[in-house]
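**Q** need coordinates for the following:
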Amino acid sequence: MTIDPRTPVLIGNGQVLQREDDLAKVRDPATLMAEALHLAARDAGLTSLPDPDALWVCALLSWNYGNPAAVVARHAGVRPRTCGLSGMGGNTPQSLVNKAALLMQRGDIDMVYIAGGETAHSKRRAKKLGVTWDWPTSQEPFEQVTDELVMVSPEEIERKLYMPIQVYPVFESAIRASLRHSIAEHQQHLGKLWSRFSEVAADNPFAWSRQTRTANDIITPSADNRMIGFPYTKLMNSNNDVDMAAGFIMCTAEQATALGVPRDRWVFVHSGTDAHEHLFISNRLHFHETPAVRIAGRRALQLADTDIDDVSIIDLYSCFPSAVQLGAKSLGLSLDRQLTRTGGLQFAGGPWNNYVSHSIATVMNDVRNSPSETGLVWANGGFATKHAFGVYSTQPPRDGFKYDYPQDDIDALPMRTAATRSEAEGSAIVEAYTVMHDRDGHPEQVIASCLLADDRRAWGISRDPQLAAHLMTEDPIGLPCNLDHDGVLRLA
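**A** Below is the predicted model of the structure:
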């Protein structure tokens, strides 16, 4: 089969874990990213890093570099023609691959380095001990290579509802109700799912935590596993307390040939899609469904001339159990299938926006080891809001890389109206909820999504510790409630 010289291909990847006890010896995220890129060059069979057309970095939180790509380039010893920085969101690594593939196909670039990294673990320890670093910065101009999206409405901000640890457990309660599980049944369901993820991490040499956890380990609150947002214990939350970096090299088939990269190192991206749900969770029709995942995910498979039953290597974004369940349902996947290649963001590690760089690197290695198989990566940002998909294989696509952005189809879907503060009072029905806990693991606040008589959504809050404790064992979903003018929730 003749390969179009403009066909995009990934040729190398590298992953780095930093476990440094001496804070004086901690390397900054840019240094870790540069190391990951050198490992990627070695993985591709290159003796050195050639100068790329572009070097793109996933937005990071551990250090404000100004232009992090320029600092990574200096550490790596390369001179990219342009430096780029992504917007925020866990979808960005796959979105960057999709963008690079389009630019290569059009003839705009021949080679790009994509990298990301965080040192949140060391930063937390340094803050606790009063240690400071003088890491480098750069004021050189850079390109913003993916857009930022506003994902929190004024009504949600007013209720202080803007953290993933608050929102994903609300989704989980809606999923539980849709499955008609009791609270106890659903906890066992979650424990078994997450235990299987920990087993994958135990076999992943690049996972932050390689300890296998039983279902009871995961769902049972303890001093080391406090409840955070019911029904999620700490072991069901994304673990951002890591020092990790990953990077990969992407180029055209023509460039890979010119560099002498062995054919068995090539991994083709057959298709990609990007999309987002209705941006504000208050406007989502239901919390137990993600129609943008269904539409964009199935479109990516269609463009790659395959379907979900023919894809054997799958990595679903897994910040919280609700994300995995939403993605699996929308893609038509059984939860009994292997849905992670890394172990997920709790066990493999959740370095803020950059988890999917590790996901892509792992899937690259997996399809190389199984050349007849196809890989699917789902990347997610926000509150199951922003989605990016990629289909990977060592076999070249018959008609080249294909891409779609099916946002018009998603925007046309029904949406729910959010009640304003002045309207959000009176009788309602509890739709979904969580119970947030304090640092000592005590229930302190109920957050509930409530449906008014006209089906508009309103948010109710209660700081009654007795109600919070009560809702840990007694399910209020579907029951009547009342909201006062301040949004205080009371069960009817």
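
**Q** what's the local residue count around the residue nearest to residue 391 when sequence neighbours are not counted?
**A** Leaving aside its sequence neighbours, residue 391 sits nearest to residue 304 (C-beta to C-beta, 6 or more residues apart in numbering; 3.9 Å). C-betas here are computed from N, CA, C, even on glycine. Residue 304 has 26 neighbouring residues, counting by other C-beta atoms under 10 Å.

**Q** how close does residue 304 sit to residue 315?
**A** For residue 304, the distance to residue 315 (C-beta to C-beta, to the nearest Å) stands at 16 Å.

**Q** so for the residue nearest to residue 391, what's the pLDDT?
**A** On pLDDT, residue 304 comes in at 98.

**Q** does it touch residue 271 like I think?
**A** Yes - counting by C-beta atoms under 8 Å, residue 304 touches residue 271, with 4.1 Å between them.

**Q** can you show me the strands along the stretch 101-250 of the chain?
**A** Applying DSSP state E, counting those that start in this stretch to the stretch 101-250 of the chain gives strands spanning 111-119, 143-144, 227-230, 232-233, 243-252.

**Q** among those strands, which comes closest to residue 153?
**A** strand 227-230 (19.8 Å; C-beta to C-beta).

**Q** for that closest one, name the packing helices and strands.
**A** Strand 227-230 is packed against helix 164-179, strand 426-437, with contacts defined by 3 or more C-beta pairs under 8 Å, 6 or more residues apart in numbering; DSSP states H and E.

**Q** now the ones you listed in JSON lines, with distance to residue 397?
**A** Below are those laid out as JSON lines (distance: least, C-beta to C-beta, whole Å):
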{"stretch": "helix 164-179", "distance to residue 397": "34"}
{"stretch": "strand 426-437", "distance to residue 397": "41"}
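
**Q** out of those, which is closest to residue 366?
**A** Short answer: helix 164-179, nearest of those by C-beta to C-beta, at 26.8 Å.

**Q** between the closest one and strand 426-437, how many degrees?
**A** Per axes from the mean of the first three to the mean of the last three C-alpha atoms, to 10 degrees, the angle that helix 164-179 makes with strand 426-437 is 120 degrees.

**Q** average pLDDT across helix 164-179?
**A** 98.

**Q** residues contacting that helix, please?
**A** 161, 183, 186, 189-190, 228-232, 237-238, 281, 286-288, 319-323, 325-326, 383-384, 431-434, 436, 447, 449, 475, 477-478 (C-beta atoms under 8 Å, 6 or more residues apart in numbering).

**Q** doesn't residue 302 lie inside a strand?
**A** No - counting by DSSP: H, G, I helix; E, B strand; the rest coil, residue 302 is not part of a strand but helix.

**Q** pull the number of nearby residues for it.
**A** Considering only other C-beta under 10 Å, residue 302 is surrounded by 15 other residues.

**Q** just put the helices and strands packed on strand 227-230 in CSV and tack on mean neighbour count and distance to residue 486.
**A** CSV is the format used below for the helices and strands packed on strand 227-230 (neighbours: other C-beta atoms under 10 Å; distance: least, C-beta to C-beta, whole Å):
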stretch, mean neighbour count, distance to residue 486
helix 164-179, 22, 18
strand 426-437, 21, 13
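
**Q** ok, which of these comes nearest residue 462?
**A** strand 426-437 (9.5 Å).

**Q** check which element follows the closest one along the chain.
**A** Counting by DSSP states H and E, the next helix or strand C-terminal to strand 426-437 is strand 443-452.

**Q** who's in contact with the helix or strand following that next one?
**A** For strand 443-452, the following helix or strand on the C-terminal side (DSSP H and E) is strand 457-462. Where contact means C-beta under 8 Å, 6+ apart, the residues beyond strand 457-462 that reach it are 155-156, 159, 161, 282-283, 416-419, 423-425, 428, 430-431, 445-452, 468, 481, 483, 487-490.

**Q** need the buried ones from these selected in ChimeraX.
**A** What follows is the ChimeraX syntax for the buried subset of the contacts of strand 457-462, where burial is set by 16 or more other C-beta atoms under 10 Å:
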select :155,156,159,161,282,416,418,419,424,425,428,430,431,445,446,447,448,449,450,451,452,468,481,483,487,489
